[in-house]
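predicted coordinates and the sequence they were generated for:
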Amino acid sequence: MDVRYSTNPAEARGFDTAQLRRHYLVEDVFVPGELRLTYSHEDRVVLGGAVPGAEPLRLESDDTLRTDHFCERRELAAFCVDGRGAVVCDGTAYPVERGDLAYIGRGTREVSFSSADPAAPARFYLASAPAHQDLPTTLVHAKDVPPVELGAAETSNERTIRRYIDGTLVESCQLMMGWTQLAPGSVWNTMPAHTHLRRTECYFYFDLDEDARLVHLLGEPDQTRHLIVRNEQAVISPSWSIHAGAATGSYSFIWFMAGENYRFDDMDHVAMADLR
């Protein structure tokens, strides 16, 4: 498990490109036949990816957590980015395909991931946060998540948001998670930008052409920095940082948040004139 320590705004102002990438960018989320995790001290979130081949991949605990099993004191979401497979929780299999999500409650002892076809393996994006109570494991199909249309073609940010975990379809402790898809011809996400000092948010970008790149903006509103991001990479955004971006083509991203409150609309918007 890769460990990323917390940073403060004054420290981040002096980071060069390599330091920015080392602190905030997760480059190798998906590796065939492996389950990889990154632990951030920003609200103690964990993100990662699992790409099972012929054999299932089992989610183990780690000395970073120092618990007997991964979900002993954590909740977990597994989003199927591609392919078909199953999330198995304490012996119960939850079949998934692209766009489906399994919420796994605290106290689940055994979690594993498998692919229906090892030649075209499933790709699971994982997000986790500490939990304070046991809640039921729940399977959410993409077709059951109401779409919310935002933005416009004229402003290059026409997009569809689906909120999988926000207290409606799924009850969770603090984890909130959703899928945003950009319409063809639109490239901007989350602009005008915002912060929320009470929550950490992470973005996982996918459906981006292999030769395309995305410019992810981060940092204080008057001290912005950027990361060049390719397909299937993730960005950890501290609570004091904006999180927005634009790409050279359309794309999708998974966002998840954890922290002090449980309000999707708790955003401190930043006026375009105040960005630097």
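Arrived safely. Numbering: from 1, shown residues only.

buried ones in stretch 260-276?
262, 264, 270, 275 (16 or more other CB atoms under 10 Å). For glycine as for every other residue, the C-beta is placed from the backbone atoms N, C-alpha and C.

kindly export that stretch (C-alpha atoms) in CSV.
Listed next in CSV are the C-alpha coordinates belonging to stretch 260-276 (Å, rounded to 0.1, in the frame of the first residue of the first chain):
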residue,chain,number,x,y,z
GLU,A,260,-16.5,16.2,8.4
ASN,A,261,-20.1,16.4,7.0
TYR,A,262,-22.4,14.5,4.6
ARG,A,263,-23.7,17.2,2.3
PHE,A,264,-23.1,17.1,-1.4
ASP,A,265,-24.0,20.8,-1.8
ASP,A,266,-21.4,22.0,0.8
MET,A,267,-19.2,23.9,-1.6
ASP,A,268,-17.4,27.2,-1.2
HIS,A,269,-17.6,28.5,-4.8
VAL,A,270,-14.7,30.6,-6.2
ALA,A,271,-15.5,33.4,-8.6
MET,A,272,-13.6,33.2,-11.9
ALA,A,273,-12.2,36.6,-11.3
ASP,A,274,-10.5,35.3,-8.0
LEU,A,275,-8.6,32.5,-9.7
ARG,A,276,-4.9,33.0,-10.1
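
what sits up against it?
163, 166-167, 174, 176, 192-199, 221-224, 242 (CB atoms under 8 Å, 6 or more residues apart in numbering).

so which of those are in strands?
163, 176, 194-195, 199, 223-224 (DSSP state E).

are any of the residues you listed buried, and if so which?
163, 176, 194-195, 199, 224.

any chance of CSV for these, columns pLDDT and distance to V235?
Formatted as CSV, those follow (pLDDT from 0 to 100; distance: CB to CB, whole Å):
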residue, pLDDT, distance to V235
R163, 97, 20
M176, 97, 17
H194, 90, 15
T195, 89, 14
R199, 92, 15
T224, 95, 14
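
please compute how far stretch 171-191 lies from its chain's middle.
9 Å (CA atoms, centre = their mean, to the nearest Å).

got any ranges where this structure has weak pLDDT?
The model of the chain has no residue with pLDDT under 70.

C-alpha coordinates for the lengthiest helix in it, PDB please?
Scanning the chain for the helix with the most residues, using DSSP state H, yields helix 17-24. Extracted C-alpha coordinates of helix 17-24, given in PDB (Å, rounded to 0.1, in the frame of the first residue of the first chain):
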ATOM      1  CA  THR A  17       6.200  19.300 -10.900                       C
ATOM      2  CA  ALA A  18       7.700  16.100  -9.600                       C
ATOM      3  CA  GLN A  19       6.700  16.900  -6.000                       C
ATOM      4  CA  LEU A  20       3.100  17.800  -7.100                       C
ATOM      5  CA  ARG A  21       2.800  14.500  -8.900                       C
ATOM      6  CA  ARG A  22       4.300  12.500  -6.000                       C
ATOM      7  CA  HIS A  23       1.900  14.000  -3.500                       C
ATOM      8  CA  TYR A  24      -1.300  14.200  -5.400                       C
END
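
packing partners for it?
Under the contact criterion of 3 or more CB pairs under 8 Å, 6 or more residues apart in numbering; DSSP states H and E, helix 17-24 touches strand 223-229, strand 233-237.
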